[in-house]
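Peer 1: with the input below, show me the fold.
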Amino acid sequence: TMVARWGITFMCAVVGVVGMATTAHAAPTGKTAAPRKPPMGFSSWNHFGMSVSAPLLLDVADAFIATGLLDAGYVYINTDDGWLNKNRTGGNQTGQVHPSPHFTNGTLKEVSDSLHAKGLKFGI
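Peer 2: The predicted model follows:
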């Protein structure tokens, strides 16, 4: 929805303003080196909680690119707890973790491939 998209854009913009501060570090020769950036990105938990889905993560990625956050060094899109199905049996009795219904049929791989193609990194 338009409201959700603007919410993502606003949130990404706030993250960008807050996180762009870096400090210069002295180079071994005593000259000032270029500022190093800390690992910067987005964690789905803070905004979506358990409601995260593959389309929402791709919308966040698009907002990162559209607002210039990728160019500013924000390269990580991380999903948290909502990606997995709480029912570990999932039709088998092995106890393996399975994706939630919002990440079925290979969509975790598809999300990862899409984010990588956009120049971003994907984390779980």
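
Peer 1: what mean pLDDT does stretch 75-87 get?
Peer 2: Averaged over stretch 75-87, pLDDT sits at 87.

Peer 1: now do that stretch: everything it contacts.
Peer 2: Stretch 75-87 has contacts (Cβ atoms under 8 Å, 6 or more residues apart in numbering) with 39-45, 48-53, 57, 60-61, 64, 97-103, 108, 115, 119-124. Every residue, glycine included, has its C-beta placed from N, CA and C.

Peer 1: toward the C-terminus, what is the element adjacent to the lowest-mean-pLDDT helix or strand in the chain?
Peer 2: Ranked by mean pLDDT, DSSP states H and E, the weakest helix or strand in the chain is helix 2-19, scoring a mean of 47. Sequence order places strand 40-43 as the next helix or strand after helix 2-19, per DSSP states H and E.

Peer 1: so what secondary structure elements neighbour that following strand?
Peer 2: Under the contact definition 3 or more Cβ pairs under 8 Å, 6 or more residues apart in numbering; DSSP states H and E, strand 40-43 sits against helix 2-19, strand 74-78.

Peer 1: go through that strand and flag the buried ones.
Peer 2: By neighbour count with 16 or more other Cβ atoms under 10 Å, strand 40-43 contains the buried residues M40, G41, F42.

Peer 1: next: stretch 79-86.
Peer 2: Neighbour-count burial for stretch 79-86, counted by 16+ other Cβ under 10 Å, picks out T79, D80, G82, W83, L84.

Peer 1: adding secondary structure, write those out as CSV.
Peer 2: Formatted as CSV, those follow (DSSP: H, G, I helix; E, B strand; the rest coil):
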residue, secondary structure
T79, coil
D80, coil
G82, helix
W83, helix
L84, strand
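
Peer 1: so where is the protein shaky, pLDDT-wise?
Peer 2: 1-31, 34, 88-93, 104-105 (pLDDT under 70).

Peer 1: distance of I77 relative to Q96?
Peer 2: 24 Å (Cβ to Cβ, to the nearest Å).

Peer 1: these two: which has the busier surroundings?
Peer 2: Comparing I77 with Q96 by other Cβ atoms under 10 Å, the one with more neighbours is I77, at 23 against 9.
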